[in-house]
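Chemist: no letters, just coordinates:
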């Protein structure tokens, strides 16, 4: 149980284009999902909290117009990186709150974004 | 301001011995702590957690100890196995008024278990 998937696992795009990353909870419903990014040899940094049916809550310093989050159903949240630039290249990981214990989060496998 | 710190970037242990990974935190409002294991280019895998009302939680080979007065927690793995080799992150949550489940991650410790 508590399986989270992400798609795509890796993507290369040109500077100025937009990229959408999907995060799905496969065997449970997730009211709340989280989006993180990780730079090489660094920790995971929370970008935003995504709540089903409402606007996402962004962490300080994260541009909400650049990183669009949509959580339209209890099993799907999407992160769209708009007008991507090389500095947006990173490893993006989503997570979902556990159902039996909401204090635990279960993570997807991550998406490697490279902007050329 | 790094609220969760893992001061050892790496640790090497012989197979069969105990691995002890340490984590310190500064925010006394944290009330829930978790350990995750992560391989490169993969998402973290949940290992074990502990609430601040406890000082120990055990699950198989993994035991987490919490010392609230010292704001310190540790993960013990015994016996260590080569398959345990990975980066281990501690994470903390709580005290964010309405967003208590946000996780703050430490910087990670790379564990290498030598056969």
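Modeler: Happy to help now that I have it. Quick caveat: nothing in here was measured; it's all calculated off a predicted structure. Residues are numbered from 1 along each chain as shown, chains lettered A, B, ... in the order given.
Chemist: quick one: the helix or strand hosting residue A:91 near chain B?
Modeler: Using DSSP states H and E, residue A:91 falls within strand A:90-97. Yes: using C-beta under 8 Å from any C-beta of the partner chain, strand A:90-97 reaches chain B at A:91, A:93, A:95, A:97. (Glycine included, C-beta is placed from N, CA and C.)
Chemist: tell me which of those residues is nearest to chain B?
Modeler: Closest approach to chain B among these (C-beta to the nearest C-beta): residue A:93, at 5.0 Å.
Chemist: doesn't residue A:110 make contact with the closest one?
Modeler: Yes: with contact defined as C-beta atoms under 8 Å, residue A:93 counts as touching residue A:110 (4.4 Å).
Chemist: for those two, list the residues in contact with both.
Modeler: A:6, A:38, B:43 (C-beta atoms under 8 Å, 6 or more residues apart in numbering or on different chains).
Chemist: which of those residues count as buried?
Modeler: The neighbour-count test (16 or more other C-beta atoms under 10 Å in any protein chain shown) marks A:6, A:38, B:43 as buried among the shared contacts of residue A:93 and residue A:110.
Chemist: next one, pLDDT for the residue of chain B found nearest chain A please.
Modeler: Nearest to chain A, among the residues of chain B, is residue B:43, at 3.6 Å (C-beta to the nearest C-beta). With respect to pLDDT, residue B:43 scores 90.
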